[in-house]
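Asker: Sequence unavailable; structure follows:
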């Protein structure tokens, strides 16, 4: 027994991982090995290109504004020194730290709690804020302009909607005073943050020193330099949007991003793209951790000041599932992931926590420090994917309708085939969009897509990549004969998209017509329909709760009917109240239960039990159908695997090409042999003719010899006779 165990341990398959440390699926190991050397060559090439580009940009920046560069260097050193002192003295004296912190809007805390929080923060080893390398400063300043522009537009929208706040608050009744106060505090902290002020004043990085923003755009007496281009003409200026500085290397940067970001630069480049420095509010992350610590210690863990218990439980469940076995996610890494997710749930209660965010946060933690990862996650979820992960998921639904329209426009043949099979586009594109392709395509392709997406600052790359995948694998989908086959085949093909360069090239160059302006127009077109559906669902929400109550009673009755009967007897009053509530929602409940009617006049226990028994029969029927569907799916999967083994199109096409090549070679050899035979026949005929000529010459020579012999003999006779 021990020998068998030792043999199994020694011969257990070692986990295979890619260059980023992520586990590879067994069926993808061979494909990854084929592309690994290509990845290395591409990495070396892009590293050299980025190195030369950053050196050129840094020299241009220094030549354009040496004094300003010196000031920024001094300011960066001061900020770095200040960041180093945060773990030691940051927890004390919250109100005296730079400018106005988030705690300035809340009530003062106890000194004992402050001291306790200081100890716990040191124990948790929260990695402090770190600055990116100076060579990326110009890119960071260019991206910070985008953040400032969106902030101005958002502030203007808030001012426009300010008059409607009382009526909306009265109608919704959902937000508490604490949540409103928290939002106001965070907004004030953002506006008063020294880092935000620094980012706004250093957007142009020496290219637009003559442009200033103070509520409106004003040009200095010297005039705007020729290197500054206005983005909005007169309309943009009238809206309070500052003119966009001109960066001569922007197109070159875009080309480099499409080619990929080097691995050693990716974490810092992503921070520059998202504009982490401009977003950061000093000490805000530590305040979130402190509030979460206090909430955990309190008795009431479901209050509005902390993370709800359901989110906390889900986070604890998902942490072990996040890149299991990854070398970087050890105990300290998991603790950082936990703090990051809890802090974001506290920061944005409207989103809180949803599955897939753990993978986003884990990926960011692999590339950058903890607080930097927090602000990067804030930029991605709050701005890039605003409205995607809320409870209603309105923007996600809108994007699915937009993408379906784009698919129908670009791939009509594929859509007709999917409609024939009964497959909806959202069935496979929904997970793509919500996960941003994480765990859907190989990691090299995921990171390349994220490079472009974070650089562009919107979700255009999301649509282009999805369309590119359908462009690559659409022809294979058209050959499927069943809905299950189509979905399984697409998942298999998408999961083996190791050619990241081809994917990005197809997405960026093949779908240039997909722009943010067009997507916004399509979103405005489809959003009213989604809002109407969400409103209808909210009206049916209470009826849905009633149906869930019936389902729970059915489950209890099935497993222990005696206990259920006793419970119903003891809670007769509660049952009466429940039935009276079902009376008002019977119409919607009919629709939810597919024709099942809940008697609005039911007020006695036996009738309710009859309904439960009838629902039990219906549930058994549904479970039987589900079991049949599962068996059918397994059979289809088995059949698909057999088809793949027997009729692998790629192998067959390669085999056919090889056979055709062999046939051509044989035909050529046959032609050569025929030619050789004809040449040999000619040679043989020539030799036969020569042999005949030779034979005639021999016969003639023999005759001549005979004549000569006869003449000699006659001559000899004459000589002999003369002698006598």
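Answerer: Sure thing, it's come through. Keep in mind it's a predicted model, so treat the numbers as computed, not measured. Numbers count the residues shown, from 1 in each chain.
Asker: average model confidence for the longest helix seen in the chain?
Answerer: Counting residues, the longest helix found in the chain (DSSP state H) is helix 649-723. Throughout helix 649-723, pLDDT has a mean value of 90.
Asker: what about residue 153, neighbour count?
Answerer: A count of nearby residues for residue 153, using other CB atoms under 10 Å, gives 13. Backbone N, C-alpha and C define where each C-beta goes, glycine included.
Asker: let me redo that: residue 626
Answerer: So residue 626, with other CB under 10 Å, has 10 neighbours.
Asker: What strand or helix carries it?
Answerer: helix 605-646 (DSSP states H and E).
Asker: could you give the angle of that helix to helix 649-723?
Answerer: Helix 605-646 runs at 10 degrees relative to helix 649-723, counting by axes from the mean of the first three to the mean of the last three CA atoms, to 10 degrees.
Asker: let's have the chain start at 45 instead
Answerer: Will do, 45 is the new start, and the previous item becomes helix 649-690.
Asker: quick one: residue 532 from residue 554, how far?
Answerer: Going from residue 532 to residue 554 by CB to CB, to the nearest Å gives 26 Å.
Asker: Identify the residues contacting residue 400.
Answerer: Residues in contact with residue 400 (CB atoms under 8 Å, 6 or more residues apart in numbering) are 478, 479, 480, 482.
Asker: can you do 6 Å?
Answerer: Residue 400 makes contact with 478, 479 under the criterion CB atoms under 6 Å, 6 or more residues apart in numbering.
Asker: go on, residue 515?
Answerer: By CB under 6 Å, 6+ apart, the neighbours of residue 515 are residue 550.
Asker: Recalculate using a threshold of 10 Å.
Answerer: Taking CB atoms under 10 Å, 6 or more residues apart in numbering, we find residue 515 in contact with 454, 455, 458, 508, 547, 550, 551, 554, 555.
Asker: Would you mind measuring from the last one to residue 518?
Answerer: It stands for residue 555. From residue 555 to residue 518 the distance is 13 Å (CB to CB).
Asker: Identify the contacts common to the two.
Answerer: 454, 511.
Asker: What separation do you get for residue 480 and residue 425?
Answerer: Residue 480 is 11 Å from residue 425, by CB to CB.
Asker: ok, back up a step: which elements pack onto the longest helix of the chain?
Answerer: Counting contacts by 3 or more CB pairs under 10 Å, 6 or more residues apart in numbering; DSSP states H and E, helix 693-767 packs against helix 649-690.
Asker: So, low pLDDT: which residues of the stretch 545-694 of the chain?
Answerer: Along the stretch 545-694 of the chain, the model assigns pLDDT under 70 to residues 585-651, 653-654, 683, 686, 689-691.
Asker: Quick one: neighbours of the nearest residue to residue 68 once chain neighbours are set aside, just the number.
Answerer: Sequence neighbours aside, residue 60 is the residue nearest to residue 68 in space, at 4.6 Å (criterion: CB to CB, 6 or more residues apart in numbering). When neighbours are counted by other CB under 10 Å, residue 60 registers 13.
Asker: now residue 685
Answerer: Residue 685: 11 neighbours (other CB under 10 Å).
Asker: quick one, domains of this protein?
Answerer: 87-251+291-428, 438-581, 584-690, 712-768 (automatic domain parsing).
Asker: And for residue 94, nearest residue in space, chain neighbours not counted?
Answerer: Per CB to CB, 6+ apart, closest to residue 94 is residue 306, 5.3 Å.
Asker: wait, that neighbour sits on residue 83?
Answerer: No - in this structure residue 306 lies outside contact range of residue 83 using CB atoms under 10 Å: 11.9 Å.
Asker: how close does the residue nearest to residue 68 get to residue 528?
Answerer: When residue 60 is compared with residue 528 (using CB to CB), they lie 29 Å apart.
Asker: Kindly report the same for residue 462.
Answerer: 13 Å.
Asker: More neighbours: these two, which one.
Answerer: residue 462 (24 against 20).
Asker: Just the buried residues of the helix or strand hosting residue 94, please?
Answerer: Using DSSP H and E, residue 94 sits within helix 73-108. For helix 73-108, the neighbour count (16 or more other CB atoms under 10 Å) marks 75-76, 79, 83, 86, 90-91, 93-94, 97-98, 101-102, 104-105, 108 as buried.
Asker: do stretch 545-560 as well
Answerer: Those buried within stretch 545-560 under the rule 16+ other CB under 10 Å are 545, 547, 548, 550, 551, 552, 555, 558.
Asker: Tell me how many other residues surround residue 721.
Answerer: So residue 721, with other CB under 10 Å, has 10 neighbours.
Asker: Check residue 676 too.
Answerer: Residue 676, neighbours per other CB under 10 Å, totals 12.
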